[in-house]
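> Give me a model of this one.
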Amino acid sequence: MTYPSLEIAVLAKAYATGDLTPEAVLDAVYGRIAEIGERPVWITLVPRQEAGRQLAAAQARAAAGEALPLFGIPFAVKDNIDVAGLPTTAGCPDFAFVPERSATVVERLVAAGAILIGKTNLDQFATGLVGTRSPYGICSSVFDSRYVSGGSSAGSGVAVAAGLVSFALGTDTAGSGRVPAAFNGIVGLKPTKGAISTRGVLPACRTQDCVSIFAGTSGDALAVLRVAAGFDAEDPYSRRTPAEAVASGAWPQGFRFGVPADGLEFFGDTAAAALFEAAATRLEALGGTRVAIDFAPFRDAARLLYSGPWVAERLAAIRDFATSKPEAIHPVVRGIILGAEGLGAVDAFEGFYELARLTRLAEAEWAKMDMLLLPTTGTIYTIEALLADPVRLNSNLGAYTNFVNLMDLSAIAVPAGFRENGLPFGVSLIGPAFADGALAALADRFHRDQGLAIGATGHLPAGLPLAAGADATQDMVQIAVVGGHLAGQPLNHQLTRRGARLCRSTRTTAGYRLYNLTGMVPQRPGLIRDEAGIGGIEVEVWELSTAGFGSFVAEIPPPLTIGTVTLADGTSVKGFLCETFAVAEAEEITSLGGWRSWLALGARVGPAPAA
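Okay, here's the model as predicted:
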């Protein structure tokens, strides 16, 4: 069958109508994992038979009349979160133990009918924002395997972005539930501290830790939060969450969003700087008012997380193991955690006092704004660069995330476009404690306004309204796109900025072949009409005005061209084709079914071909 969209709303509707069964979705998920391999995304994979038993139990409860809001939805958890009967490794084999009981958050999700697929890779002991500090392998961005995936919740972010699960749990102390979202083009919701119980979660910094949620859309993330949140008397840091905190409310028209007046650092990434400015302009178009704020209190608080006494919390979590078996710990992680041995009670109180001072200074800035807009990270690094300079570059990635938990704020990371080299960029919307639902609702509007709300497998829901600026009375042209112009891909903006809308996702008829073209930036494929080709290649049909179509075609470089493409249902539309000379020595990728499948497979099994 065609690989399904794993967006929660899409699956729920398909189950209700009978268009899909949960069994078929599980078969597709496990087939995809087998195709691309377990490592480095997974540390422990639940056997397919066990997933089937979970589903059967959920089906029995549903038949008995129980309401299961996440029925049949596949998910993953970061491997510092307990699952009964499965090892918790925290990315360190010598530390592993098998818990008898699952973490509260896992219990709540399974009770809601969700199906656990496995436990995912992480920066060891949740220490890092990079995804390179694990003996189980280095995760990479699904967009380019030369670049880091972000961490510490590396495997969870990649599992969602690669379309292996509908959502995944991470943890977030310094930004670990947001940085992987930015580097993989998905959503990362970091709830208010205490909203989701951390009982059964191995601490990094116990007073600051949150369980976070990765999903393809903000709506999916919020749907999971509604199930996962709730007071837990077994967790000393659990808080009673007001009902409105997880409702899909919205900021009022004319909401004020803060942007640092100066001092934003992009570490030489000019493309990221331009995309951030575009994001701020987009928020203004959605009804927001930009307000300049002094970022210094937030910046200084961010530096406290690793230069202050909170590092000692990391040692407190694993002190016996760290001091008895230091050789079992990743060298970079060991240096950070054992570096806290020299901290004392006076250092702790001095840190608390400084944080209180900075939080009070920040109150003056919060009086000016309803929410704060920041880059999720100022840049992205290659794995090679990160391994060569692991501490400094990791610190750079936390510049806009480290302060959020220290100051008791809520946040959601959301995609905000692509650089010309095809790498994603993301921003974070940050608000006061318990602003989670309102932030998610605004993030969803922001995401969909770009044409980037792609769901867990890169598919926009069909039938979205016309984009801003489109005129429904104009003559319209439909065009089939197959690669770089697909939703969420680097050239999609060439369609959306002309007011194009997505009509449907479908496939070609037989008689087509797809090749990976070399020498093009960003990477893209070439579609060839060949009667011997097996076809069945994923395409999206977009609709735009005739004027927009004319200017769009003018941007298409050779060897690509526009011709007529026949779809699986026998209809024909205008679409991308390629001159045959360009594929003489190119790699054929027809059998993988489409460009996204090739990208996901290529990102997992080896370096990306040269652009």
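
> Count residues in the vicinity of Thr323, would you?
12 (other C-beta atoms under 10 Å). C-beta here means a position set from N, CA and C on the backbone, and glycine is covered the same way.

> who touches the strand or helix carrying it?
Using DSSP states H and E, Thr323 falls within helix 311-324. The contact list for helix 311-324 (C-beta atoms under 8 Å, 6 or more residues apart in numbering) reads 90, 94-95, 125, 127, 202-208, 305, 328-329, 334, 336-341, 343, 347-348.

> and Tyr258, what does it touch?
Not quite, residue 258 is Gly, not Tyr. Going by C-beta under 8 Å, 6+ apart, the list of residues near Gly258 reads Val291, Ala292, Ile293, Glu365, Lys368, Met369, Met371, Leu372, Leu373.

> Nearest residue to the third one in space, ignoring adjacent ones along the chain?
So the one you mean is Ile293. Gly258 (4.0 Å; C-beta to C-beta, 6 or more residues apart in numbering).

> do you know how far that neighbour is from Met520?
Noted for Gly258: a distance of 40 Å to Met520, by C-beta to C-beta, to the nearest Å.

> now Gly548
From Gly548 across to Met520, the span is 23 Å (C-beta to C-beta).

> neighbour count winner among the two?
More crowded of Gly548 and Met520, by other C-beta under 10 Å: Gly548, with 22 against 17.

> burial count for the nearest residue to the more buried one once chain neighbours are set aside?
Leaving out its chain neighbours, the residue that sits closest to Gly548 by C-beta to C-beta, 6+ apart is Arg498, at 3.6 Å. Each residue near Arg498 was counted by other C-beta under 10 Å, and the total is 19.

> Give me the neighbour count for Ala340.
The tally of other residues near Ala340 (other C-beta under 10 Å) stands at 18.

> Just give me the neighbour total for Gly254.
9.

> Skipping its backbone neighbours, what lies nearest it in space?
Distances taken as C-beta to C-beta, 6+ apart put Thr289 closest to Gly254, at 5.8 Å, once the chain neighbours are dropped.

> same question, Thr89
Ala96 (4.4 Å).

> Check whether the one you found really touches Thr88, as I assumed.
Yes. Using C-beta atoms under 8 Å, Ala96 is in contact with Thr88, at 6.7 Å.

> Okay, and the closest residue to Ala261 other than its chain neighbours sits in which element?
Closest residue to Ala261 apart from its sequence neighbours, by C-beta to C-beta, 6+ apart: Ala292 at 3.9 Å. For Ala292, the element it lies in under DSSP H and E is strand 289-293.

> Run me through the strand neighbours of that strand, direction for each.
Strand 289-293 pairs in its sheet with strand 256-260 (parallel), by DSSP bridges.

> show me where the stretch 151-300 of the chain has helices.
Counting by DSSP state H, counting those that start in this stretch, the stretch 151-300 of the chain has helices at residues 154-161, 179-184, 218-228, 270-285, 296-307.

> Among these, which comes closest to Leu393?
With C-beta to C-beta as the criterion, Leu393 lies closest to helix 179-184 of the helices of the stretch 151-300 of the chain, at 12.1 Å.

> related to what we said a few turns ago, the strand holding Ala292 vs helix 270-285, what angle?
If you take axes from the mean of the first three to the mean of the last three C-alpha atoms, to 10 degrees, strand 289-293 sits at 130 degrees to helix 270-285.

> What residues of strand 289-293 count as buried?
Within strand 289-293, the residues scored as buried using 16 or more other C-beta atoms under 10 Å are Val291, Ile293.

> Quick check: what element follows the longest helix anywhere in the chain along the chain?
Longest helix in the chain by number of residues, with DSSP state H as the criterion: helix 345-366. Sequence-wise, the next helix or strand downstream of helix 345-366 (DSSP H and E) is strand 371-375.

> which parts of the helix or strand following that following strand are buried?
The C-terminal neighbour of strand 371-375 among helices and strands, as given by DSSP H and E, is helix 383-388. Buried residues in helix 383-388, counted by 16+ other C-beta under 10 Å: Ile383, Leu386, Leu387.

> for stretch 7-14, same thing?
Quick answer for stretch 7-14 (16+ other C-beta under 10 Å): Glu7, Ile8, Val10, Leu11, Ala12, Ala14.

> Need the max-distance pair from those.
Ile8 and Ala14 (10.8 Å).

> Could you export stretch 584-596 as CSV, keeping only the C-alpha atoms?
Extracted as CSV, the C-alpha positions of stretch 584-596 are listed here (Å, rounded to 0.1, in the frame of the first residue of the first chain):
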residue,chain,number,x,y,z
ALA,A,584,22.4,9.1,-18.5
GLU,A,585,24.7,8.5,-15.5
ALA,A,586,22.3,9.4,-12.7
GLU,A,587,21.1,7.1,-10.0
GLU,A,588,17.6,5.7,-10.6
ILE,A,589,15.4,5.9,-7.4
THR,A,590,12.0,4.9,-8.9
SER,A,591,11.7,1.8,-6.8
LEU,A,592,11.7,3.9,-3.6
GLY,A,593,8.4,5.5,-4.6
GLY,A,594,9.4,9.1,-4.5
TRP,A,595,11.8,11.9,-3.5
ARG,A,596,10.9,12.0,0.2
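
> any low-confidence regions in this protein?
Applying pLDDT under 70 to the chain flags the ranges 1-2, 248-252, 450-474, 600-611.

> residues touching Thr580, list them.
With C-beta under 8 Å, 6+ apart, Thr580 has these contacts: Ile528.

> so how far is Val201 from it?
55 Å.

> next one: Phe276
For Phe276 relative to Val201 (C-beta to C-beta), the value is 32 Å.

> again with His485
Distance of His485 to Val201, computed by C-beta to C-beta: 41 Å.

> can you check Val541 too?
Applying C-beta to C-beta to Val541 and Val201 gives a distance of 44 Å.

> Give the residue from those two that has the larger number of neighbours.
Neighbours per residue (other C-beta under 10 Å) separate Val541 from Val201, with Val201 holding more: 26 against 20.

> Hmm, Asn80 and that one touching each other?
Yes. At 6.3 Å, Val201 counts as touching Asn80 under the criterion of C-beta under 8 Å.

> Mutual contacts of the two, please.
Thr171.

> Could I get the contacting residues of Leu486?
By C-beta under 8 Å, 6+ apart, the contact set of Leu486 is Gly458, Asn492, Glu540, Trp595, Arg596.

> As CSV, these with secondary structure would be great.
Listed next are those as CSV, based on DSSP: H, G, I helix; E, B strand; the rest coil:
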residue, secondary structure
Gly458, coil
Asn492, coil
Glu540, strand
Trp595, helix
Arg596, helix
